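A.B. asks: based on what follows, work out the 3D shape:
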Amino acid sequence: MPARKRAGKRPRARKPGSAKIMALALHMEEPLNEAIDAVHALRLMGYGLTEVSGEVEGRALAAVAGTACQRLDAVKQIWRSLCQQ
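C.D. replies: Numbers count the residues shown, from 1 in each chain. Next up, the predicted model:
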């Protein structure tokens, strides 16, 4: 009689969870930096529009880009803390 396989036993992952998270964090470094640079450029464009065409149009763009900069900076801080562990 052949041996039975034990039910419910899961195959082990090749990498521990922390190694997978670290690999993901390192993989997202470049896209995160590119997104931060793009949002900073939009904010600068907003300031330029404020000087050239008037306050309303440029202020709106600068305000939205400024909020996005704050959120991306928070993501960058979290990313750094992941990489330091």
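A.B. asks: what about the residue nearest to the spatial centre of the chain, which helix or strand?
C.D. replies: By CA atoms, centre = their mean, the chain has its centre lying nearest to L32, at 4.8 Å. Using DSSP states H and E, L32 sits in helix 29-52.
A.B. asks: buried residues, that helix. List them.
C.D. replies: Across helix 29-52, burial judged by 16 or more other CB atoms under 10 Å covers 36, 39, 42-43, 46, 49-50. Just so you know, the C-beta spots here come from the backbone N, C-alpha and C atoms, and that holds for glycine as well.
A.B. asks: need the residues you listed in JSON lines (columns: pLDDT and distance to D73).
C.D. replies: Shown next, in JSON lines, are these (pLDDT from 0 to 100; distance: CB to CB, whole Å):
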{"residue": "I36", "pLDDT": "91", "distance to D73": "7"}
{"residue": "V39", "pLDDT": "94", "distance to D73": "10"}
{"residue": "L42", "pLDDT": "92", "distance to D73": "15"}
{"residue": "R43", "pLDDT": "92", "distance to D73": "12"}
{"residue": "G46", "pLDDT": "90", "distance to D73": "17"}
{"residue": "L49", "pLDDT": "89", "distance to D73": "23"}
{"residue": "T50", "pLDDT": "88", "distance to D73": "22"}
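A.B. asks: nearest to C83 among these?
C.D. replies: The shortest approach to C83 among the buried residues of helix 29-52 belongs to I36, at 15.6 Å (CB to CB).
A.B. asks: looking at it, the closest one is touching K76, isn't it?
C.D. replies: Yes: between I36 and K76 there is a contact at 6.6 Å, judged by CB atoms under 8 Å.
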